[in-house]
Structure formats: C-alpha cells, structure tokens
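> sequence first, then the predicted structure:
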Amino acid sequence: MTMNGYIRDEIQKDHWLGAIGDIIVPDRDWRPYMSRLELQRRNGLETNGCTNFNTEHALEMLLKQKGVTYNSSDRYSHIRTGTSQNGNTAQNVIETTRKYIGLIPEGTLGFTDDVDTWDEYKSGLLFGHKKLGAQFLSKWEINHSWVVDGSETNWQDAMYDALQFSPLGAAVQAWSEDQGMYVRRGQDTHWTVIVGAKKGSYWRVCDSYDPQLKKLEWNYYFDRVKQYSIKPRESYDIAFLLRVGQGLLGTF
C-alpha cells in the first residue's frame, strides 16, 4: 500500500554505508533546525513524494545545523529519482541524491501555485538544473545508513542514540491519532522525519502533512529508520567524477 508514497525497501548488504560521524546535537532536539512546512499535497495534487520531501528536509536540517540555510527543490528530487504515482523507496531517493543528482534550490524548480497536475509537476527539468545539482555534489558529501531494518529487539535505544547524529527518516502508518498522540493502526504508508524524543514517552516528528509537528507514542514500533550526514567535500576521485557525469547525462 502506497497511499502516501512510501514503498518499503528490501534492504541489501550494500545499503549499509558505515559510520555517520560525530555527535552534533547531544540533546536530540532538531526542532531549531526545521524548515517551514512544505506540503507534499497542495493545489489539489497529491505528489506521493514523501520520500523526497522528508529526505530533503532531513538534509536541510543538517545543513542548517552547520549554519547553512538551504531550501531544496522537492520537485527536482521527485523527477530525477523516478518517483511515480505509487511513490518511491527511501533508499533509492537518498542514494540517487548522494551519487548522481545532488540538491538544487527550491526557487529554480518549485511547487508553485500554478502547478496542479501530475504532468506539470513532472515537467520543467532543464540541463541547467542538472548542472546545479552537480555543483552541489562538488561542494557537499552526503552519507546515510540504516538504523533500524526490522530485525532489532532494541530499536528504541538504537533510534534514541542515533538522534544525536541526525534527524531520522522513518516509515510510519499515516496517520492515526488517539487523544493527541499518533499511534500505529496498520502497515507503513508514509516516510517522515523524527526530530526528537522524550525517552519512554514519545517521538517527535516533523512531517510533510499538516500539522507539521506530531507526537508518536514511544512504543509505536518502527520497521525502517535511516540516519543521514552531510559535510563539505574534501576531495574528488575518479568514481565521484564518473557519477557526476552520469548525473549530468541522466545515464544512472
């Protein structure tokens, strides 16, 4: 079921990319680094782009924590990662972004008020946008790794620890509320961003549907959770340059 655009990853060995880096937010509260609410459904159009919107929001928060305010184009990501009307997987979105396409500013290919059909949303990509994405990758190195893959018995501890390193992309069932707290009442349909927690009480989520901030019960149970990192790129190797070339040519 992909009502909100989430397709479950079948995790492979090469999906694990290793260490993310140093602790950067020891209090685990990423709310000061959030961007304004950007809806994945607006103008009467459901993009089913939760994996794009919320992966990019996590990267934007990491950049803001480094003092860089960057509003990225979710539409660019949607087009270039091949998100369909059934959605996409979180792994495909971040890996395609990391290797080939990068990010570009929202203002260059935005979800504007005049975009109200699927065909319009999926059009407008220019070679200049691809060049901007390549320029981003030449400046920033993106990484990611799974925190939870559905096999853990200590998933809460793993997630709580990982929040010190990054906001967490997470699969959820969207959305069932019970007395102000969101609870699980079915299979995952949506990809969102965890931006904090009160241990033993709740998880705090920043979402691409209104309300932007939500509380999920501590025992919600998460099956797929990913952490991210972004840092200035220090060097270029042949593999990187080949990937950037593939991104420009669209041959990945």
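In hand now; what should we look at? Numbering: from 1, shown residues only.
> contacts only, for His144.
Taking C-beta atoms under 8 Å, 6 or more residues apart in numbering as the definition of contact, the neighbours of His144 are 17, 20, 94-95, 98, 226-229. (Each C-beta comes from the backbone N, C-alpha and C, glycine too.)
> quick one: end-to-end distance for stretch 134-147.
With C-alpha to C-alpha, to the nearest Å as the measure, the first residue of stretch 134-147 is 28 Å from its last.
> kindly report the same for stretch 132-148.
33 Å.
> what about the strands in the stretch 1-150 of the chain?
If you assign secondary structure with DSSP state E, counting those that start in this stretch, the strands in the stretch 1-150 of the chain sit at 41-42, 45-46, 140-148.
> contacts for the second one next, please.
Right, the one you point to is strand 45-46. Identification of contacts with strand 45-46 by C-beta under 8 Å, 6+ apart yields 40, 115-118, 121.
> how about the contacts made by Glu106?
If a contact means C-beta under 8 Å, 6+ apart, then Glu106 has 71-74 as its contacts.
> now do Gln246 against Glu234, distance only.
22 Å (C-beta to C-beta, to the nearest Å).
> quick one: contacts for His190?
Applying C-beta under 8 Å, 6+ apart, we find His190 in contact with 3-6, 50, 171-175.
> I should have written Tyr160 there, sorry.
Contact criterion C-beta under 8 Å, 6+ apart gives 28, 197, 199 as the residues in contact with Tyr160.
> helix/strand/coil for it?
Recorded secondary structure, Tyr160: helix (DSSP: H, G, I helix; E, B strand; the rest coil).
> just the buried members of the contacts of His144?
For the contacts of His144, a burial check counting by 16 or more other C-beta atoms under 10 Å picks out 20, 94-95, 98, 226-229.
> the residues you listed: which two are farthest apart?
Ile20 and Glu95 (15.0 Å; C-beta to C-beta).
> where does the stretch 151-252 of the chain dip in pLDDT?
In the predicted model, the stretch 151-252 of the chain carries no residue with pLDDT under 70.
> between Gln246 and Glu234, who's got more neighbours?
Set side by side, Gln246 and Glu234 show unequal neighbour counts under other C-beta atoms under 10 Å, the larger going to Gln246 at 14 against 6.
> ok, that one touching Thr96?
No. Assessed by C-beta atoms under 8 Å, Gln246 is found out of contact with Thr96, at 10.5 Å.
> need the residues touching each of those two.
Here Gln246 and Thr96 share the contacting residues Phe252, scored by C-beta under 8 Å, 6+ apart.
> tell me which residues are up against the helix or strand harbouring Lys226.
Using DSSP states H and E, Lys226 maps to strand 225-232. For strand 225-232, the surrounding residues in contact (C-beta under 8 Å, 6+ apart) are 20-21, 55, 58-59, 62-63, 66, 90-91, 94, 139-148, 155, 158-159, 162, 165-171, 194.
> now find how far off-centre that strand is within its chain.
Strand 225-232 has its average C-alpha position 10 Å from the chain's average C-alpha position, going by C-alpha atoms, centre = their mean, to the nearest Å.
> what of stretch 153-171?
How far stretch 153-171 lies from its chain's middle: 14 Å, per C-alpha atoms, centre = their mean.
> kindly report the same for stretch 185-192.
On C-alpha atoms, centre = their mean, the centre of stretch 185-192 falls 15 Å from the chain's centre.
> equivalent analysis for stretch 45-56, please.
If you compare the mean C-alpha spot of stretch 45-56 with that of the full chain, they lie 8 Å apart, counting by C-alpha atoms, centre = their mean.
> likewise for stretch 199-218?
In terms of C-alpha atoms, centre = their mean, the gap separating the centre of stretch 199-218 from the centre of its chain is 16 Å.
> not counting it itself, show me its contacts.
Residues external to stretch 199-218 that are found in contact with it (C-beta under 8 Å, 6+ apart): 4, 30-31, 34, 37-41, 49-50, 53-54, 57, 156, 159-160, 167, 170, 172, 174-175, 180-183, 192-198, 220.
> fine by me, thanks again.
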